[in-house]
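J.: make a model of this:
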Amino acid sequence: KVAEVALPRLREFTSQEIANMVWAYATVGHSSPELFDKVAEVALPRLREFNSQALANTVWAYSTVGHSSPQLFDKVAEVALPRLDEFKNQEITNTAWAYAVFNYPTNFEFGTNPDLVRLIVSSMGKFDERELSQLHQWNLWVKERIG
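T.: As a prediction, the model looks like this:
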C-alpha cells in the first residue's frame, strides 16, 4: 500500500526519504520490485545529493531484498569512492557487504579499491561484531574473486 502511494510521488522525495523508503522495505523483509525499479530510476541522476548514510542504506537495501540494479551500484560506487572519508563504520561495512552480495564485475572494482581497503584496515579495531561479520563476508568474496 505504501508503495502505491509513494510511486507517483518519488520525484518529490528528498534523497534521505528515498533511501529511507528502500531501507524500511528491506528491514521488514519486503520486496516491491516496482518500487525498487522506480527508486533506482529516480535516484540515479540524484546520487550526488545522497549523504554517506543514504548511499550505504540504499545499496544495503537492494542487496538485502535481492533486487538487481547494476546501474545504481555502478553510480553509487562512482559517487562514494571520492567521499569514503565521510563514511562511518556501519556505512563502510554495509556498503562493502552490499557490493559483495551482488557480485557484479564493477562491484569487484569497487570492493577491492585500495582506498576502501585502506579505510577498512585502518578502522579494523573499531568495528562491532555485526560489522565484522559483514566484513568477513566481504573478505571471502574478495578472496574468491582474486583466486
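J.: packing partners for the helix or strand of the chain with the lowest mean pLDDT?
T.: Sorting the helices and strands of the chain by mean pLDDT, DSSP states H and E puts helix 105-111 at the bottom, at a mean of 79. For helix 105-111, the packing partners by 3 or more CB pairs under 8 Å, 6 or more residues apart in numbering; DSSP states H and E come out as helix 70-80, helix 89-102, helix 129-146. For the C-beta atoms, the positions are set from N, CA and C on the backbone; glycine is no exception.
J.: mind listing residues that contact stretch 44-51?
T.: Here stretch 44-51 makes contact (CB atoms under 8 Å, 6 or more residues apart in numbering) with 14-16, 18-19, 43, 55, 58, 71-72, 75-76, 79, 86.
J.: list the contacts of residue 18.
T.: Contacts of residue 18 (CB under 8 Å, 6+ apart): 10, 39, 42, 43, 46, 50, 54, 58.
J.: so how far is residue 147 from it?
T.: Residue 18 sits 37 Å away from residue 147, going by CB to CB, to the nearest Å.
J.: how about low-confidence regions in the protein?
T.: Filtered on pLDDT under 70, the chain yields no residues whatsoever.
J.: in space, not sequence, find me the middle residue of it.
T.: Nearest to the mean C-alpha position of the chain, by CA atoms, centre = their mean, lies residue 59 at 2.1 Å.
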